[in-house]
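A.B. asks: Need a 3D model of the sequence below.
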Amino acid sequence: MLMDPRSRRFTRLYAWSQIKLKYRYTYLGFLWNFLEPGLYLLVLSAVFSFVNRMNVGDYAVFLFSGLVPWRYFEKTVNVCMDSLVQGDWLLKKLPVSVFALPLARWIVATVEFAFAFVAVALVLLALKPGWSVHCLVLPVSFLPWALLGLGLGLLTASLFTFFRDLRPIVQLGLLLLFFTAPILFHADLFPAGSWHARLLAFHPFTYFAALFQKPLHAGRWPSSIDWAVSFSVALAALAAGAGALRASRRRLYFYL
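C.D. replies: Below you'll find the predicted structure:
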């Protein structure tokens, strides 16, 4: 997936231009990166804290630890999916790699995630009485989410060029993954040995979510199985996405 220096420079400049254009002539546009995650978290915390039998403050910390990285992952896949189709005029006019456009979208989503994470973390400082040293692992916890989002983003960008009805299928799949993963609900809700507990044991996002939930909410280090499953799935997705885009790059121009 290595690009030539010209394509790498184009990716950086294009990502920066997209950030500037997105918030140009707006008053609340950039501020919404701080306000929107906090408001979203507040509403869901009020609704689902009762279901999980947790007080609102404790549940808000739990929800934040899984929901914020999930929304970053979901956004990355969605914005990368149509990056080639919407940027077809650039690919046809400039001698740059096909990886440049989805990578630029991924960079923009990552920058916005950083602001959203910091904003909500500042709010949660008032809700959680003490923070442990385990939070120092969060930059590493972010890596599997970022690699997975980029991998599936590259894969969907390649497929969407040939199958324009892919979007509702991807969105339905993301919705199914979200509501079956322990993000809105705590895994301890289900008794050990139940089919719900067995489903969560095989759900990949159980381990992705644990990378944030354990340090932030439980005050524990993620386990070795959390790291192994998360990085294995993320690297497999990245290899599949890069391979699919590389294999189809010569045919893409006929469909754009």
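
A.B. asks: Only alpha carbons, please: show stretch 102-113 as CSV.
C.D. replies: Taking Å, rounded to 0.1, in the frame of the first residue of the first chain, the C-alpha atoms of stretch 102-113 are listed here in CSV:
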residue,chain,number,x,y,z
PRO,A,102,-9.7,7.1,0.9
LEU,A,103,-6.5,7.8,2.9
ALA,A,104,-7.3,11.5,2.9
ARG,A,105,-10.9,10.8,4.1
TRP,A,106,-9.4,8.6,6.8
ILE,A,107,-7.1,11.4,8.0
VAL,A,108,-9.9,13.9,8.2
ALA,A,109,-12.1,11.4,10.2
THR,A,110,-9.1,10.8,12.5
VAL,A,111,-8.5,14.5,13.2
GLU,A,112,-12.2,14.9,14.0
PHE,A,113,-12.2,11.9,16.3
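
A.B. asks: Only the buried residues of that stretch, if you could.
C.D. replies: 102-110, 112-113 (16 or more other C-beta atoms under 10 Å). The way it works is simple: take the backbone N, C-alpha and C, and place the C-beta from them, glycine included.

A.B. asks: how far does that stretch sit from the chain's center?
C.D. replies: The chain centroid and the centroid of stretch 102-113 are separated by 10 Å under C-alpha atoms, centre = their mean, to the nearest Å.

A.B. asks: With stretch 204-222 instead?
C.D. replies: 15 Å.

A.B. asks: low-scoring pLDDT stretches of the protein, where are they?
C.D. replies: Low-confidence regions of the chain, defined by pLDDT under 70, span residues 1-2, 23-57, 119-120, 123-124, 126-130, 256.

A.B. asks: centroid residue for it?
C.D. replies: Centroid check for the chain by C-alpha atoms, centre = their mean gives residue 73 as the closest residue, at 1.3 Å.

A.B. asks: SS state for the residue nearest to that one when sequence neighbours are not counted?
C.D. replies: Of all residues not flanking residue 73 in the chain, residue 149 sits nearest, at 4.5 Å (C-beta to C-beta, 6 or more residues apart in numbering). Recorded secondary structure, residue 149: helix (DSSP: H, G, I helix; E, B strand; the rest coil).

A.B. asks: In contact with residue 149, which residues are there?
C.D. replies: Going by C-beta atoms under 8 Å, 6 or more residues apart in numbering, residue 149 touches 72-73, 76-77, 80, 106, 109.

A.B. asks: how does it look with 6 Å?
C.D. replies: Applying C-beta atoms under 6 Å, 6 or more residues apart in numbering to residue 149 gives the contacts 73, 76-77.

A.B. asks: just residue 94 next, same as before
C.D. replies: Counting by C-beta under 6 Å, 6+ apart, residue 94 has no contacts.

A.B. asks: at 8 Å instead, please
C.D. replies: For residue 94, the contact set (C-beta under 8 Å, 6+ apart) comprises residue 10.

A.B. asks: Kindly provide the distance from it to residue 193.
C.D. replies: 58 Å (C-beta to C-beta, to the nearest Å).

A.B. asks: Any idea how far the longest helix along the chain is from the middle of the chain?
C.D. replies: Secondary structure of the chain per DSSP state H: the longest helix is helix 224-252. Relative to its chain's centre, helix 224-252 lies at 15 Å (C-alpha atoms, centre = their mean).
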